[in-house]
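Peer 1: got a predicted structure plus its sequence, pasted below:
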Amino acid sequence: MKSLIDLWRVVAGEMATWCYTSADLDCKKLEVRVEKEGISFLTITLPGFGSDFDKCLAHEAVTSLDFPGFARKSGPLPLFLGGFLELIFDSRSGALLDEPNIDAIFAVRQLTRLYSKILLRCSDDREQEAMRRFIECEHELATVDESFPVEVREDFMRISQLVFADVFSEMDRKVWLGDIIPKHGPGATADGLRGNAKFDQTRWFSRLERLFPFEEYASVPSLSRFIDGRYDEVPFQLVEPDTEDPVRVIPVPKTLKTPRIIAIEPTCMQYMQQALLNPLVNGLESEVIVPNKRQNLAFGFLGFTHQEPNRYLAQRGSREGGLATLDLSEASDRVLNSHVLALLHRFPHFSEAVQATRSKTASVPTERGQIMVPLVKFASMGSALCFPVEAMVFLTVVLYGIEQKLRTPLTRKHILDLRGKVRVYGDDIICPVDCVVDVCKALEIFGFKVNLAKSFWTGQFRESCGGEYFAGFDVTPVKFRRIFPTTHHDASEVISLAEFRNACYLRGMWKTTRYLDSEIRKVVKHFPIVESTSPGIGRRSFLSYKGERTDKRLHRPLVKAYVVASRPPQSYVSGEGALLKCTLGERREPFEDERHLERQGRPRAVSIKPAWITPF
């Protein structure tokens, strides 16, 4: 705890120097509050202060209702961080100054968000509350599904057909022809298969069998048995719907206020979801759909691999004021399966494939033990198709809201005119400010919840995809992710602290960087200057690296630094599974690890060790 307070004090001192003010009283107040409230003041209360601050920037004023729990002396501004706030808002009226100090805005956001994303587990009560909310959400969705207006659903289907017809048509063709390649992900599965064991899977859901026969997609060697007429020897178990493995719902760290809820899919479902994922994302991000050479109308509206376009539009919106940034609460968990059925209603093969790879039941941990919950939603995070499908649903709803604003059915010309004004990345949505009220109404009609605390369309503040801007200036804070390491054996903490140090350096926080350098050198002996492309854990610097010796064979400079050492866990595969894996790998990309048939999966532990490496 002391190390976290010491770091905050260093950052506060540097921010005060930037802004020609003092943070001494702020540091004293922080110590008192942490002593009374514990780490929650740093990880929950301060981020709440930061959220109120962002809201005040958007409303261009501070009121007496803002910053609850923080004392005031006179006027609407709280005493805590008052030296910075007075450079942004008028101390008497609370109104935003005509020329607010950008450094002070960054300082308040940095000091309040420093520990907002620290990777610590929530309390059991908060995790149980998240699980209760998961179950309650299903009941709410059932009500929304039953009361959904028919005419709204028809408009939704028409707009989705207009925007995604070419992509869905190509996906329909690929599913019908069997022109898709399955893939196992690196993560856990609901049935407990890990690493190479996934290629020896024997459970196959009967819902998959019609479009994706086991012998064609999951057991290459079994084809020879079919040729010889030995069908009975194919080693798999066809699982009927009433005995399918449910998705396993678990909490993972997000913030100390609430965990992130994800669902771990059964092996066969994850496997075929990945088969649909790659061609779908490639199609949505392609400017032209190859078979018909027609311009892809969905191009430029959705993002899956790069967040920079969303950040650029958010920055433009903060500077020019014409674009709004919206954020949704419980976004993945509120996409109805009926939304997806409507989205794909004209494409029977693709729709059947998506439904076949969708889990219908979730196993949720509660105080009373595991309970089975039938799913009204399409899927939770953890399904490979969750992210692209939810993005397509959100985009369609946003366009429906814009259509309501325009009071005329959208055409291809309308859609093309909106390119560069509308974009969706997950639940981060950007749309024109003059349509934002209608877009928010549309989202609520479809059962989604707009997170007003993180949605902005007034004032000069915008945020999207981790980029946060005021009047075109980047005011994104650098966030501390893990506790301080006590020895070099705390490999994950050392790596995280070095990354945080380098982010602070690139942000111009020189005093904080020097403090972090001294802290890192307490646990690691070697910490040289290296380039971002170097394999070593080192310092980023605008100064040049200094070679400590020369590679005798390649005649290039070397430095001694710690490098990450990790090995995939031991995981052997049968002969048939190995053949399947290599066959699938050849159709995708070659394997980098020549021992991939002996070791596979995410490393169970990470360590660091000193080595002579190139600094570039």
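Peer 2: Nice, I can see it. Numbers count the residues shown, from 1 in each chain.
Peer 1: how many residues are close by the residue lying closest to residue 253 once chain neighbours are set aside?
Peer 2: Of all residues not flanking residue 253 in the chain, residue 119 sits nearest, at 4.9 Å (C-beta to C-beta, 6 or more residues apart in numbering). Using the backbone N, CA and C atoms, a C-beta is placed for each residue, glycine as well. Counted with other C-beta atoms under 10 Å, residues neighbouring residue 119 total 16.
Peer 1: which helix or strand in this structure has the lowest average pLDDT?
Peer 2: helix 222-227 (a mean of 51; mean pLDDT, DSSP states H and E).
Peer 1: show me the residue at the heart of the chain, geometrically.
Peer 2: Nearest to the mean C-alpha position of the chain, by C-alpha atoms, centre = their mean, lies residue 426 at 7.6 Å.
Peer 1: wait, that one touches residue 387, no?
Peer 2: Yes. Counting by C-beta atoms under 8 Å, residue 426 does reach residue 387; the two are 6.1 Å apart.
Peer 1: hang on, residue 263 in a strand?
Peer 2: Yes. According to DSSP: H, G, I helix; E, B strand; the rest coil, residue 263 belongs to a strand.
Peer 1: from residue 379, how far off is it?
Peer 2: Using C-beta to C-beta, to the nearest Å, one obtains 7 Å as the distance from residue 263 to residue 379.
Peer 1: point me to the helix or strand that includes the residue lying closest to residue 182 once chain neighbours are set aside.
Peer 2: Among residues not flanking residue 182 along the chain, residue 275 sits closest, at 4.0 Å (C-beta to C-beta, 6+ apart). Using DSSP states H and E, residue 275 falls within helix 267-284.
Peer 1: got the CA positions of that helix in PDB?
Peer 2: Presented in PDB, the C-alpha positions along helix 267-284 are these (Å, rounded to 0.1, in the frame of the first residue of the first chain):
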ATOM      1  CA  THR A 267     -14.400 -27.100 -27.200                       C
ATOM      2  CA  CYS A 268     -16.400 -28.000 -30.300                       C
ATOM      3  CA  MET A 269     -18.400 -24.700 -30.200                       C
ATOM      4  CA  GLN A 270     -15.200 -22.600 -29.800                       C
ATOM      5  CA  TYR A 271     -13.600 -24.600 -32.600                       C
ATOM      6  CA  MET A 272     -16.400 -23.900 -35.100                       C
ATOM      7  CA  GLN A 273     -17.000 -20.300 -33.900                       C
ATOM      8  CA  GLN A 274     -13.400 -19.600 -34.900                       C
ATOM      9  CA  ALA A 275     -14.100 -21.100 -38.300                       C
ATOM     10  CA  LEU A 276     -16.800 -18.400 -38.900                       C
ATOM     11  CA  LEU A 277     -14.900 -15.600 -37.300                       C
ATOM     12  CA  ASN A 278     -11.900 -15.100 -39.700                       C
ATOM     13  CA  PRO A 279     -13.900 -14.900 -43.000                       C
ATOM     14  CA  LEU A 280     -16.600 -12.700 -41.300                       C
ATOM     15  CA  VAL A 281     -14.100 -10.200 -40.000                       C
ATOM     16  CA  ASN A 282     -12.100 -10.200 -43.200                       C
ATOM     17  CA  GLY A 283     -15.300  -9.600 -45.200                       C
ATOM     18  CA  LEU A 284     -16.500  -6.700 -42.900                       C
END
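Peer 1: averaged pLDDT, the next helix or strand along the chain from that helix. What do you get?
Peer 2: Beyond helix 267-284 on the C-terminal side, the first helix or strand identified by DSSP H and E is strand 288-289. Taken as a whole, strand 288-289 has a mean pLDDT of 82.
Peer 1: who are the packing partners of strand 288-289?
Peer 2: Strand 288-289 sits against helix 150-177, with contacts defined as 3 or more C-beta pairs under 8 Å, 6 or more residues apart in numbering; DSSP states H and E.
Peer 1: ok and the helix it packs on relative to helix 267-284, angle-wise?
Peer 2: Per axes from the mean of the first three to the mean of the last three C-alpha atoms, to 10 degrees, the angle that helix 150-177 makes with helix 267-284 is 100 degrees.
Peer 1: that older thread, who has more neighbours out of residue 263 and residue 379?
Peer 2: residue 379 (28 against 25).
Peer 1: the closest residue to the more buried one other than its chain neighbours and residue 335: what is the separation?
Peer 2: What sits nearest to residue 379 in space, not counting adjacent residues and going by C-beta to C-beta, 6+ apart, is residue 386, at 4.5 Å. With distances taken as C-beta to C-beta, residue 386 is found 8 Å from residue 335.
Peer 1: joint contacts of these two?
Peer 2: Here residue 386 and residue 335 have 378, 379 as joint contacts, going by C-beta atoms under 8 Å, 6 or more residues apart in numbering.
Peer 1: which one of those two has more residues nearby?
Peer 2: Ranked by neighbour count (other C-beta under 10 Å), residue 386 and residue 335 place residue 335 first, with 29 against 25.
Peer 1: pull the contacting residues for the more buried one.
Peer 2: Each residue near residue 335 by C-beta under 8 Å, 6+ apart is listed here: 377, 378, 379, 386, 389, 390, 393.
Peer 1: nearest to residue 288 among those residues?
Peer 2: In terms of C-beta to C-beta, no member of these lies closer to residue 288 than residue 389, at 22.6 Å.
Peer 1: tell me where the stretch 301-450 of the chain has helices.
Peer 2: Remark: helices assigned in the stretch 301-450 of the chain by DSSP state H, counting those that start in this stretch are 308-320, 337-343, 348-356, 386-406, 412-418, 436-445.
Peer 1: who are the packing partners of the longest one?
Peer 2: Contact here means 3+ C-beta pairs under 8 Å, 6+ apart; on that basis helix 386-406 packs against helix 150-177, helix 267-284, helix 337-343, helix 412-418, strand 423-425, strand 428-432, helix 436-445.
Peer 1: so how far is residue 440 from the closest residue to residue 317 other than its chain neighbours?
Peer 2: Excluding the flanking residues, the one nearest residue 317 by C-beta to C-beta, 6+ apart is residue 323, at 3.2 Å. Plainly put, residue 323 is 15 Å away from residue 440 if you go by C-beta to C-beta.
Peer 1: the more surrounded of these two?
Peer 2: Neighbour count, other C-beta under 10 Å: between residue 323 and residue 440, residue 323 has more, with 25 against 21.
Peer 1: picking that back up, overlap in contacts, residue 263 and residue 379.
Peer 2: Counting by C-beta under 8 Å, 6+ apart, the shared contacts of residue 263 and residue 379 are 247, 359.
Peer 1: burial measure for residue 33, as a count.
Peer 2: Residues within reach of residue 33, counting by other C-beta under 10 Å, total 18.
Peer 1: separation between residue 139 and residue 466?
Peer 2: Distance, residue 139 to residue 466, by C-beta to C-beta: 32 Å.
Peer 1: what's the mean pLDDT across stretch 190-206?
Peer 2: 88.
Peer 1: correction: the previous question concerned stretch 299-309.
Peer 2: When pLDDT is averaged along stretch 299-309, the result is 93.
Peer 1: CA-only coordinates of it in PDB, if you can.
Peer 2: Presented in PDB, the C-alpha positions along stretch 299-309 are these (Å, rounded to 0.1, in the frame of the first residue of the first chain):
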ATOM      1  CA  PHE A 299     -16.400  -1.000 -45.000                       C
ATOM      2  CA  GLY A 300     -15.200   1.800 -42.700                       C
ATOM      3  CA  PHE A 301     -18.000   1.500 -40.200                       C
ATOM      4  CA  LEU A 302     -16.700  -1.400 -38.100                       C
ATOM      5  CA  GLY A 303     -13.400  -2.100 -36.400                       C
ATOM      6  CA  PHE A 304     -12.000  -5.300 -35.000                       C
ATOM      7  CA  THR A 305      -8.200  -5.100 -35.300                       C
ATOM      8  CA  HIS A 306      -7.400  -1.400 -35.100                       C
ATOM      9  CA  GLN A 307      -8.700   1.100 -32.600                       C
ATOM     10  CA  GLU A 308      -6.900   4.100 -34.100                       C
ATOM     11  CA  PRO A 309      -9.800   5.100 -36.400                       C
END
